[in-house]
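# My questions concern the predicted model and sequence given below.
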Amino acid sequence: MKASLIMNINVLPSYDGCLKVIQAKVLISTDDYYTCDITRTIPVRVSITTINGPVGFGIIEALDGGEESLKQYVSAMKASSSVVEIEITYQSPTVYWTRVVIQPDTPSIYETVLESSCMTRLPVIIQRGVQEHTILAPSREAFRNMLNSLKARFSQVQLRHVRSYASGLPKHNLTLKQMDAMIIAFSSGYYDIPRRITVTEMSERMGIKRVAMQERLRRAERTIMSDFVEGSIAY
């Protein structure tokens, strides 16, 4: 299947040589790739929150609300030739937290991004056979090389949107508590449409009061939106 790019990176302006960072959302899918194949048939949403070499930590959520999907996902991962080990570090009827060690036969999507001096901004979201990466590139050339490498190795590559920052990547200056709240909210589907979790449910999961959870999210959202409006150029 032919790879596709739905935006033209040549529209990126140079800003008189001051361009520091390109940020893009890229959707990648392919056949015979373990996470794509597994999530294509099992209704789960995987949020990879930490990657350290071959080890990844993620949150697995059942899109159908049942634990059977989570069990099927874990079984399929154990059976994959690309997976050395999978460990459930926390579990509930609708969510598993996992530690996974991989050893794929070919370079992974994540490694392909790194090879071009680019990087993936976590979390990586995987569902319905598609990996969603927020990718940072230090230059137009590095960005183009990264896209070409992805297209050469994987059958479907969709560039959803691109942003460029004229003064470097915005520093959101979130506190650790705000970062934790945002990661839980995003990974648990709070920002999905419709929402899949409430503020009350998230506060209970974090062991804090509802008003504290809501305040952390509001302060974090305000900081991020301020950076978005004041510190970047969108198109």
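Yes, it's here. Residues are numbered from 1 along each chain as shown.
# can I assume residue 135 sits in a helix?
No. With DSSP: H, G, I helix; E, B strand; the rest coil as the criterion, residue 135 is strand rather than part of a helix.
# so it makes contact with residue 24?
Yes. Counting by Cβ atoms under 8 Å, residue 135 does reach residue 24; the two are 5.2 Å apart. Every residue, glycine included, has its C-beta placed from N, CA and C.
# residues shared between the contacts of those two?
residue 143 (Cβ atoms under 8 Å, 6 or more residues apart in numbering).
# so what secondary structure elements neighbour the helix ranked longest in the chain?
Ranked by residue count, the top helix of the chain under DSSP state H comes out as helix 210-231. Contacts defined by 3 or more Cβ pairs under 8 Å, 6 or more residues apart in numbering; DSSP states H and E place helix 210-231 against helix 176-187, helix 199-206.
# which of the ones you listed is buried the deepest?
Among the helices and strands packed on helix 210-231, the stretch with the highest mean neighbour count (mean count of other Cβ atoms under 10 Å) is helix 176-187, at a mean of 18.
# And the helices in this structure, which stretches?
Under DSSP H, the chain gives helices at 34-41, 67-79, 109-115, 140-153, 176-187, 199-206, 210-231.
# For the ones you listed, which has the smallest mean pLDDT value?
Ranked by mean pLDDT, those bottom out at helix 210-231, with a mean of 82.
# Could you check the angle that one makes with helix 176-187?
In terms of direction (axes from the mean of the first three to the mean of the last three Cα atoms, to 10 degrees), helix 210-231 departs from helix 176-187 by 90 degrees.
# CA atoms only for helix 210-231, dumped as PDB, please.
Taking Å, rounded to 0.1, in the frame of the first residue of the first chain, the C-alpha atoms of helix 210-231 are listed here in PDB:
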ATOM      1  CA  ARG A 210     -11.700  16.400  43.000                       C
ATOM      2  CA  VAL A 211     -11.200  20.200  43.300                       C
ATOM      3  CA  ALA A 212      -7.400  19.600  43.500                       C
ATOM      4  CA  MET A 213      -7.400  17.500  40.300                       C
ATOM      5  CA  GLN A 214      -9.600  20.100  38.500                       C
ATOM      6  CA  GLU A 215      -7.300  23.000  39.600                       C
ATOM      7  CA  ARG A 216      -4.200  21.100  38.400                       C
ATOM      8  CA  LEU A 217      -5.700  20.500  35.000                       C
ATOM      9  CA  ARG A 218      -7.000  24.100  34.600                       C
ATOM     10  CA  ARG A 219      -3.600  25.600  35.500                       C
ATOM     11  CA  ALA A 220      -1.800  23.200  33.200                       C
ATOM     12  CA  GLU A 221      -4.200  23.900  30.300                       C
ATOM     13  CA  ARG A 222      -3.800  27.700  30.800                       C
ATOM     14  CA  THR A 223       0.000  27.500  30.700                       C
ATOM     15  CA  ILE A 224       0.000  25.300  27.600                       C
ATOM     16  CA  MET A 225      -2.600  27.500  25.800                       C
ATOM     17  CA  SER A 226      -0.600  30.600  26.700                       C
ATOM     18  CA  ASP A 227       2.500  29.100  25.100                       C
ATOM     19  CA  PHE A 228       0.500  28.000  22.100                       C
ATOM     20  CA  VAL A 229      -0.900  31.500  21.400                       C
ATOM     21  CA  GLU A 230       2.100  33.600  22.300                       C
ATOM     22  CA  GLY A 231       5.100  31.500  21.500                       C
END
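# got the angle for that helix vs helix 199-206?
Using the same axes, to 10 degrees: helix 210-231 against helix 199-206 is 100 degrees.
# Could you pull out the buried residues of helix 210-231?
213, 216-217, 220, 223-224, 227 (16 or more other Cβ atoms under 10 Å).
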